[in-house]
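Undergrad: take this sequence and fold it.
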Amino acid sequence: MHRLRAQSISPPKANSWWFPIGICIALAALTWIVFGQTLWHDFINYDDPRYVYENTKITSGLSLSGIAWAFTHIHSMNWHPLTTISHMIDCQLYGLHPGWHHFTNVLLHTVAVILLFLALQQMTRAFWRSAFVAAVFAIHPLRVESVAWIAERKDVLSGVFFMLTLLAYVHYVRLPSVRRYLVVVFVSAFGLMSKPMLVTLPFVLLLLDYWPLDRMRGQLWRRVLEKIPLIALSAVSSIATFVAQKGAVGWTEELPILERINNAVVSYVLYIFQMLWPVRLAVFYPHPENRLPLWEIICSLLLLISISVVAIALRRQRPYLVTGWFWYLGMLVPVIGLVQVGWQGRADRYTYLPQIGLYIAVIWAAADLTALWRYQRTIASTAAMLAIGVLSWRAWAQTGYWHDSETLFRHALAVTKNNDVAENNLGIVFLRQGKLDDAISLLQAAVDLRPDNSPAHENLAKALLQNGEVEDALIHYQQLLKLQPDNIEVHNIVGTVLIQQGRLREGVEEWQKVLAIQPDNGNAMSNLAWVFATSPDDSLRDGRKAVQLAQDALRISGRRIPIIFRTLAAAYAENSEFSQAIQTAQQGIELANSQGNSSLATELQRNITLYQEQQPLRDPSLSHGNSEPHSE
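TA: A predicted model of the protein is given here:
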């Protein structure tokens, strides 16, 4: 009887058609009041580069080839083609103006909020409770990361499809048909193609079958069989995600399973604490590894077990506790860290959809527990408005930290400990600002905190190189190559630095390693050809190899880079093919002039004079370093 009574609550009769519209408008306004400020925010130097502004596939905008690429390639260690396409559309419409990319995120979140209200209202017939759940979802400070971070487009986009799936499912339940079920399947598939975290959606629908849809009643296996197509989609998405992220889970092999389980247990409780007391939120929380106190693990585990037991024990009187609590537990499973991807211990963005279950459980329980209070409606309304006001204020303040990279990572360092990711990313900010001493200090701290932090080693090496500390820079580049032996870009850089230091043979070895990894790397080909053609060291020169490498580099470049003509001409001269050298140098002059590179054209003309005298070219800087290999 209690279940039926809870579902019978309806919106006020007067102007009933306008009440839902009014609530939707209010929810949209509330969302934009909190997150509208992001229209004046910048990109962030954490994930935004590879998701958007440094990814040429994205910045090229929308095209048929781009759409095909989105569906057939991995983007940022994920297969989420709809998210990728949404970024392409933004670049097509707005270019790289960050405010408009933020606009899309806020718009999608607004749509998700409204759809959540409509879905809950249709499922439960509890108008005001559904509105309050949607309002808390809209402006809780834990939502900030998902909405204010352009790279987290996948959260808000998948959120829209998640809510649409709920609405489509209610529509199907009311009047089952194959057509209506196919709508559920297709919308669910769109959600999985936005973010694979929605693999738990069939489980959520089973919970909704229990409450509020009341479809179980001895038909558990029938309801499970009904979800088989959705489970199959989730299985396919899980496999695709595993394949896409296999390069990012290497740290899992080093992180013992017990440490992952301990962190997962504690994270479940920390997310609840942050829901109730959302302070000291950060873009990145370092993984605690083996630093969690035993008492904290035991207390967290006992709390989770106790809440689960209470929810099950009260399943008849308070069925929403089962749905809400296990919604929360179940949806977090893919991201709770049992399979570790990255170095984070937990992340605010992971709570985007899972915590809806907790909102439902808490708000429905509070309404039932205060049902007999004399002034229940007044007290509940006041408490709800106060909660929305406080959460909005906290979310607005938290959103402000996402204004730019420096503000974001300064805040992260202020509210967390041992945060090598924040040290690294703030170091990048200072490096780009030319504050080399500050950058080196931060990046060195990041490396000290986590010696296997590859990005920190790379950025520290760049900073040291710019600061003239070449030997120290080489140490960190070489440490990076131990962590990433197939990093072609770093091999090329190390080769160049070694050549500039006069360590020709070591530099040549680095470029040869590049070609062993990627045989058609034109940069390494051109650099090696130059050394083999122009080195004053007789034992290093090899005209035949130089010609072959330079010809291949020219072919790969599409004959569009004039400096490679200079390299090929020098290679011909070293091979005593002076007429070919002159002809090639003249082609380089024409191309250099067409591109406005008069200095290179002048240099090539001097080389021609040398070749006319039947003399090969020698680069004296290769004797003592400080040379600049001629890359593409």
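
Undergrad: neighbours of Lys462, how many?
TA: 20 (other CB atoms under 10 Å). For the C-beta atoms, the positions are set from N, CA and C on the backbone; glycine is no exception.

Undergrad: distance of it from Phe532?
TA: 28 Å (CB to CB, to the nearest Å).

Undergrad: how near is Leu118 to Val147?
TA: 20 Å.

Undergrad: pick out whichever of the two has more residues nearby.
TA: Of the pair Leu118 and Val147, Val147 is the one with more neighbours under other CB under 10 Å, namely 30 against 19.

Undergrad: quick check: chain neighbours aside, which residue is closest to that one?
TA: His109 (4.8 Å; CB to CB, 6 or more residues apart in numbering).

Undergrad: what about the one you found, neighbour count?
TA: Other residues lying near His109 total 27 when counted by other CB under 10 Å.

Undergrad: helix or strand: which one has it?
TA: helix 98-124 (DSSP states H and E).

Undergrad: tell me what that helix is packed against?
TA: Applying 3 or more CB pairs under 8 Å, 6 or more residues apart in numbering; DSSP states H and E, one finds that helix 98-124 contacts helix 18-35, helix 81-94, helix 127-139, helix 144-148, helix 153-174.

Undergrad: buried stuff in the fourth one?
TA: So the one you mean is helix 144-148. Residues 144-148 are the ones in helix 144-148 that count as buried (16 or more other CB atoms under 10 Å).

Undergrad: could you dump those residues to a markdown table with pLDDT?
TA: Formatted as a markdown table, the buried residues of helix 144-148 follow (pLDDT from 0 to 100):
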| residue | pLDDT |
| --- | --- |
| Val144 | 98 |
| Glu145 | 98 |
| Ser146 | 98 |
| Val147 | 98 |
| Ala148 | 98 |
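
Undergrad: and these, which is closest to Ile475?
TA: Of all those, Ile475 sits closest to Glu145, with 35.3 Å by CB to CB.

Undergrad: measure that closest one to Val52 for me?
TA: In terms of CB to CB, Glu145 sits 16 Å off from Val52.

Undergrad: next: His87.
TA: For His87 relative to Val52 (CB to CB), the value is 5 Å.

Undergrad: just to revisit the earlier point, I figured the residue nearest to Val147 hits Arg153, correct?
TA: No. Using CB atoms under 8 Å, His109 makes no contact with Arg153, being 10.3 Å away.

Undergrad: out of the buried residues of helix 144-148, which is nearest to Glu471?
TA: Glu145 (40.1 Å).

Undergrad: ok, that closest one - contacts?
TA: Neighbour list for Glu145: 152, 281, 283, 347-349 [criterion: CB atoms under 8 Å, 6 or more residues apart in numbering].

Undergrad: what's the answer for Leu528, then?
TA: Counting by CB under 8 Å, 6+ apart, Leu528 has contacts 508, 511-512, 515, 545-546, 549.

Undergrad: same question for Ile360.
TA: Per CB under 8 Å, 6+ apart, neighbours of Ile360: 120, 133, 320, 323-324, 327.

Undergrad: try Ile298
TA: Ile298 neighbours (CB under 8 Å, 6+ apart): none.

Undergrad: before we move on, what SS does it have?
TA: helix (DSSP: H, G, I helix; E, B strand; the rest coil).

Undergrad: same check on Gln580?
TA: If you use three-state DSSP, then Gln580 falls in the helix class.

Undergrad: quick one: it from Ala533, how far?
TA: 13 Å.

Undergrad: comparing those two, which residue is more hemmed in?
TA: The neighbour comparison of Gln580 against Ala533 (other CB under 10 Å) goes to Ala533, with 31 against 17.

Undergrad: just the buried positions in the helix or strand the more buried one falls within, please.
TA: For Ala533, the element it lies in under DSSP H and E is helix 522-534. Neighbour-count burial for helix 522-534, counted by 16+ other CB under 10 Å, picks out 522-534.

Undergrad: still on that earlier bit, the residue nearest to Val147: what's it in contact with?
TA: 31, 35, 138, 143, 146-147, 156, 159.
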